[in-house]
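> Sharing a model prediction with you, sequence too.
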Number of protein chains: 4
Amino acid sequence: MKSLGQLLQTGDWKGEKHVPVIHSTEKIKAGEEFQLKVSIGDEIKHPNTLEHHIKWIKVFFHPEGGKFPVEIATFNFSAHGEGDVFDEPVGITHVKLDKPGTIYALSYCNIHGLWENSKEIAVE
Amino acid sequence: MKSLGQLLQTGDWKGEKHVPVIHSTEKIKAGEEFQLKVSIGDEIKHPNTLEHHIKWIKVFFHPEGGKFPVEIATFNFSAHGEGDVFDEPVGITHVKLDKPGTIYALSYCNIHGLWENSKEIAVE
Amino acid sequence: MKSLGQLLQTGDWKGEKHVPVIHSTEKIKAGEEFQLKVSIGDEIKHPNTLEHHIKWIKVFFHPEGGKFPVEIATFNFSAHGEGDVFDEPVGITHVKLDKPGTIYALSYCNIHGLWENSKEIAVE
Amino acid sequence: MKSLGQLLQTGDWKGEKHVPVIHSTEKIKAGEEFQLKVSIGDEIKHPNTLEHHIKWIKVFFHPEGGKFPVEIATFNFSAHGEGDVFDEPVGITHVKLDKPGTIYALSYCNIHGLWENSKEIAVE
Ligand SMILES: [Fe+3]
Ligand SMILES: [Fe+3]
Ligand SMILES: [Fe+3]
Ligand SMILES: [Fe+3]
C-alpha cells in the first residue's frame, strides 16, 4: 500500500521555507505548563496569499518507549488576504507533559503539500 | 427561526472561567504583524480532563463599518489527559490588519457550550 | 459588549446561496444511528475558487429544555482549485441522539462571513 | 530525524477497527462531482466514549505523477457522549477531480494514534 508517510517532506528550515520549526525549552519539568511554539518562515517568509499559503500546523507528542503519538493541538491559519487580514503561520499554546519524548510538527501548504519536523524533549 | 446567537454566552472573565480573554495591544500599526493571544482561565482555571475541557477557540475580525467578519484562526486544543499530555486553552498567533475594528473570540467547552468575547482594536 | 450573534446571517436557502441546509429525517429513534447531512448551494451553487469559497460547516445539537448546545461535528472543506481539486460544501456524518431538540448548522464563507440555520428534531 | 511517517499505522480494516476505509467508485468522470466517503469501524465498531474515540479523518489526493498531495477535507467528530450525543466516525463529502491518482485517508484515535489507508482512483 502507498503510505502518506512517503509524502511527508522535511529539510533544514534555514534554507527551506516550508519546514515547521518547533520552539520550546529542551528540558521541561514534569507536569508543569510550558510554552510550545511552532512556526514557519522564521528565516525565509512563506507567501501568504489566497492562492498560496500555509493552512495549518498540527503538533503531536510521542513518549519515549511509547507506542502511540498523542495529538497536542492544531493551529488553523484562516485569513490570507480576505479584507486585508492576514494570519501568519505562527502558533503557540501551553502544554503539560510528564515524560520525555519527541514533539512532532506537521504542516500543510495548499500548493506544496505536507512538511514535518521533530524535536526531542527531556524531563528533569 | 431559532438562532445560535442566543446560545452564545458571555460574562466577566474574572468571575466566569469559560469566557475567552483577548490579549493584544489596543492600537496596532496598519499592515504590521502583531501578536494576538486568546486564553481561557486566566483567573480561574477551567478543568482539563477527558470528560470536561475546552475544545477550541476561534478568532474573527470585523472591520469597522464592514459587513462581514473574517476568520483569523482556529486553535484546537486536543490533549486532555491522554498519556498524561494536557493542552491548556491558550492560543497565540501573528496577525496583520490595516483597518480598525472588533476582534471576536468564540470558544467551546464540551459540557458548558459556546462562549464569546470581543475587543476593539485601533489602527494608528 | 458586541456579540458575534449579531453577525450570524440567515435567510431562505432557496434564494440565498450561503444558507446551510440541514437534511435529516424529522423523527429519529432514540439511540439509533441516523445520517445527518448539511450542505450549501442545493438550489444556487456557491462559487468554489481560491478567492471565494465555503471553508467549513459546524453542526450543534441543543436538547429541548437543555442549557447548552453540544457540538456534533465540523466539516472542513479544504480544496478550492489547487491542482484542479475541488471539495464542495456538502458534509454527511452519522449521529446518535436520545432526546428531541434543535440541530444548528453554522457555516463560513471567506468573503461573506457567518451563516446559520436550524431544524427541529423529534424522537419517537 | 525521526519521521511521523513511521508512526502511521495501517492494516486490514476487516480485522483492525482503526483503519479508515475509503469508499468511492473506482473510476470517476473528469470534473464531475462524486461522493467520497471515509469511515472507521465498518466491520468492527470502534469505541465512542469520552475516554476513547476517533477524533478526525483527513482526506488527501495525490495526482499520478504529481509532486504534492492536496488536502480535500477534514472531518472532525466532536460528540462522544456529552449529553448522550454521539458522532460516529463516518464522513462524506462531494469532490471534483480531473486527474487519476491516489486518495489517502489519515485518522486519529485519541488512545491509539494515527492510522492511514489509500485507494487508487481512475478517470475515464
Ligand atoms: Fe508553499
Ligand atoms: Fe466547562
Ligand atoms: Fe460567498
Ligand atoms: Fe482506539
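Structure received. Predicted model, so just to flag it, every value in this text is computed and none were measured. Ligands and ions are numbered 1, 2, ... in the order given.

> alpha carbons only for contacts and neighbour counts from here, please
OK.

> Indicate the residue of chain A located nearest to ligand 4.
Chain A approaches ligand 4 most closely through A:F68 (10.4 Å), counting by C-alpha to the ion.

> That residue - how many residues pack around it?
Residues contacting A:F68 under the criterion other C-alpha atoms under 10 Å in any protein chain shown number 21.

> Surely it is in contact with D:W115?
No. Under the criterion of C-alpha atoms under 8 Å, A:F68 makes no contact with D:W115, lying 10.4 Å away.

> helix or strand for the residue of chain A closest to ligand 4, which one?
For A:F68, there is no helix or strand it lies in under DSSP states H and E.

> where does it land on pLDDT?
pLDDT, A:F68: 98.

> what do you get for A:G91?
98.

> which SS state does it fall under?
Assigned by DSSP: H, G, I helix; E, B strand; the rest coil, the conformation of A:G91 is strand.

> Next up, the contacts around it.
Contact partners of A:G91, counting by C-alpha atoms under 8 Å, 6 or more residues apart in numbering or on different chains, are A:K37, A:V38, A:S39, A:I57, A:F75, B:G91, B:I92, B:T93, B:H94.

> could you redo the last one with a cut-off of 10 Å?
A:G91 is in contact with A:22, A:36-40, A:56-58, A:73-77, B:37, B:73, B:75, B:91-94, counting by C-alpha atoms under 10 Å, 6 or more residues apart in numbering or on different chains.

> How about A:G5?
A:L114, D:S3, D:L4, D:G5, D:Q6, D:L7, D:L8, D:Q9, D:E116.

> Can you get me a residue count around the second one?
If I follow you right, that is D:S3. 18.

> any idea how far it is from A:W115?
Per C-alpha to C-alpha, to the nearest Å, D:S3 is found 10 Å from A:W115.

> A:T25 now?
Where A:W115 is concerned, A:T25 sits at a distance of 22 Å (C-alpha to C-alpha).

> who has more neighbours, these two?
The neighbour comparison of A:T25 against A:W115 (other C-alpha under 10 Å) goes to A:W115, with 19 against 12.

> just to revisit the earlier point, list residues touching both of A:F68 and D:W115?
Joint contacts of A:F68 and D:W115 (C-alpha under 10 Å, 6+ apart) are D:L7, D:L8, D:Q9, D:C109.

> show me what contacts the third one?
The contact partners of D:Q9, taken as C-alpha under 10 Å, 6+ apart, are A:3, A:5, A:68, D:18-19, D:106-107, D:112-117.

> Turn these into TSV, columns for secondary structure and distance to ligand 2.
TSV is the format used below for these (DSSP: H, G, I helix; E, B strand; the rest coil; distance: C-alpha to the ion, whole Å):
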residue	secondary structure	distance to ligand 2
A:S3	coil	39
A:G5	helix	37
A:F68	coil	28
D:H18	coil	30
D:V19	coil	32
D:L106	strand	30
D:S107	strand	27
D:H112	coil	26
D:G113	strand	26
D:L114	strand	28
D:W115	strand	30
D:E116	strand	33
D:N117	strand	36
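
> closest to D:P63 among the residues you listed?
Distance to D:P63 across the contacts of D:Q9 (C-alpha to C-alpha) is lowest for A:S3, with 14.0 Å.

> That closest one is in contact with D:P69, isn't it?
No. Using C-alpha atoms under 10 Å, A:S3 makes no contact with D:P69, being 11.7 Å away.

> got any residues that touch both of those two?
D:Y104.

> Name every strand pairing with the helix or strand containing A:F75 and say which way it goes.
Using DSSP H and E, A:F75 falls within strand A:70-77. When pairing is defined by DSSP bridges, strand A:70-77 lines up against strand A:54-63 (antiparallel), strand B:70-77 (antiparallel).

> Would you mind giving me the confidence score for A:K14?
85.

> Next, count neighbours for the residue nearest to it when sequence neighbours are not counted.
Leaving aside its sequence neighbours, A:K14 sits nearest to A:E43 (C-alpha to C-alpha, 6 or more residues apart in numbering or on different chains; 5.7 Å). By other C-alpha under 10 Å, the residues close to A:E43 number 11.

> my guess is A:E43 contacts A:E16, does it?
Yes. With contacts counted by C-alpha under 10 Å, A:E43 reaches A:E16, the gap being 8.8 Å.

> which strand residues sit across from the residue sitting nearest the centre point of chain A in the sheet?
By C-alpha atoms, centre = their mean, chain A has its centre lying nearest to A:A105, at 3.1 Å. When bridges are called by DSSP bridges, A:A105 pairs up with A:V59, A:N117.
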